[in-house]
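*Asks:* would you be able to build a 3D model of this:
(one chain, ligands or ions: 2)
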Amino acid sequence: MVFMPVSSSVAVVLAVKRLDAAKSRLAAVVPDDRRRGLVAAMLADTLGAVEEAGFAAVTVVTPDPRVAEVVAEFGARTLDEPARGDLSPLNAALLHGIDDVRPTADLVAALQADLAALDAPALTEAIDAAAAVIARGADAAFVADRSGAGTALLVVRASAAFTPRFGPDSAAAHREAGAVELDPAHRRWARLRTDVDTPDDLSVAVELGLGPRTRDALDSVADIARSDTDGVFLRR
Ligand SMILES: Nc1nc2c(ncn2[C@@H]2O[C@H](COP(=O)(O)OP(=O)(O)OP(=O)(O)O)[C@@H](O)[C@H]2O)c(=O)[nH]1
Ligand SMILES: C=C(OP(=O)(O)O)C(=O)O
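*Replies:* Ligands and ions are numbered 1, 2, ... in the order given. The predicted structure follows:
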């Protein structure tokens, strides 16, 4: 068994699908043309928090050149989609990124890309907690999302053959695969746990405090949504 120091080097991997296909569950409150900008803004705020936390080795797996432009603004790198295999497209994309950076880091952190309220302290604390658990012998550790069913962050030992299991009920899937759940009582890291898929998630992220780019993107939607009775996240 290999033991890691808590000060292990960390590579961060995210996956973003084509913007035209992204965040369909927000379609009722954000029109198509604004939704692409909103998804890009949430990615930018996520990458902003990662940068502020001091994690410099960042890879985003995406087929979308507009996403690649956002990634380049943060000095991060883009990897194209892998060939289709047995895994879901999301897990195939993440595993492609994880495999690519494995030789360069002690730990690989797979992070959701829509963490519009993420801040550096939450991310740093969670990755430190994961590093400590992995240093004690686990192959992987994760932070569940706000609902408890999904996963906001999965950290794997780079040398371990741990396959990501993002998707429906991924928290249970990661737990069953042997990953250690961090802060299972959900007392900490609300800003990390709030991935934005639905209007309700967006409301919670607004309450927590959005990153600046998401706030700007939503301001542009607000002009439309103020007169829209479905603009739930703006009426709070
Ligand atoms: N690179 C890549 N990323 C993906 C793929 N599928 C999903 N993702 C990303 O994985 C995260 C979660 O994906 P989903 O929940 O399936 O999609 P979503 O865009 O968040 O939302 P919905 O359209 O409402 O399901 C998002 O960051 C997606 O952009 C894929 O095939 N390739
Ligand atoms: C993919 C996941 O989340 P979502 O579909 O909510 O983005 C997940 O939590 O594993």
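*Asks:* which residue is the nearest non-sequential neighbour of the most centrally placed residue in the chain?
*Replies:* Geometric centre of the chain, nearest residue: Q112, 1.3 Å, by CA atoms, centre = their mean. For Q112, ignoring the flanking residues on the chain, the nearest one in space by CB to CB, 6 or more residues apart in numbering is D195 at 4.3 Å. Just so you know, the C-beta spots here come from the backbone N, C-alpha and C atoms, and that holds for glycine as well.
*Asks:* residue contacts, the one you found?
*Replies:* 112, 114-115, 145-146, 150, 152, 201 (CB atoms under 8 Å, 6 or more residues apart in numbering).
*Asks:* can I get those in TSV including pLDDT and secondary structure?
*Replies:* Putting the contacts of D195 into TSV (pLDDT from 0 to 100; DSSP: H, G, I helix; E, B strand; the rest coil) gives the following:
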residue	pLDDT	secondary structure
Q112	98	coil
D114	98	coil
L115	98	coil
D145	98	coil
R146	97	coil
G150	98	coil
A152	98	strand
D201	96	helix
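*Asks:* any weak-confidence spans in the protein?
*Replies:* Applying pLDDT under 70 to the chain flags the ranges 1-7, 223-236.
*Asks:* in it, which residue sits nearest ligand 2?
*Replies:* Residue nearest to ligand 2 within the chain: G150 (2.4 Å; CB to the nearest ligand atom).
*Asks:* so that residue makes contact with H174?
*Replies:* No - when contacts are counted by CB atoms under 8 Å, G150 is not listed as touching H174 (9.8 Å).
*Asks:* quick one, which of those two is more surrounded?
*Replies:* Taking other CB atoms under 10 Å, G150 and H174 do not tie; H174 has more neighbours (25 against 21).
*Asks:* and R187, helix, strand or coil?
*Replies:* Classification of R187 using DSSP: H, G, I helix; E, B strand; the rest coil returns coil.
*Asks:* who in this structure is up against ligand 2?
*Replies:* Residues of the chain lying near ligand 2 by CB under 6 Å from any ligand atom: 90, 145, 150-151, 166-167, 170, 195, 197.
*Asks:* now do the contacts for G211.
*Replies:* The neighbours of G211, taking CB under 8 Å, 6+ apart as the test, are 41-42, 44-46, 48-49, 116-118.
*Asks:* list the buried ones in the helix ranked longest in the chain?
*Replies:* In the chain, taking DSSP state H as the definition, the longest helix is helix 32-52. For helix 32-52, burial by neighbour count (16 or more other CB atoms under 10 Å) applies to 34-51.
*Asks:* what angle separates the host helix or strand of D200 from helix 32-52?
*Replies:* Here D200 is covered by helix 199-208, with elements defined by DSSP states H and E. Per axes from the mean of the first three to the mean of the last three CA atoms, to 10 degrees, the angle that helix 199-208 makes with helix 32-52 is 50 degrees.
*Asks:* offset the numbering so it begins at 2, please.
*Replies:* That works, and once the first residue is 2, the last one we named lands at helix 200-209.
*Asks:* any idea how far the closest residue to ligand 1 within the chain lies from K18?
*Replies:* Nearest residue of the chain to ligand 1 (CB to the nearest ligand atom) works out as P90 at 2.9 Å. P90 is 7 Å from K18, where distance means CB to CB, to the nearest Å.
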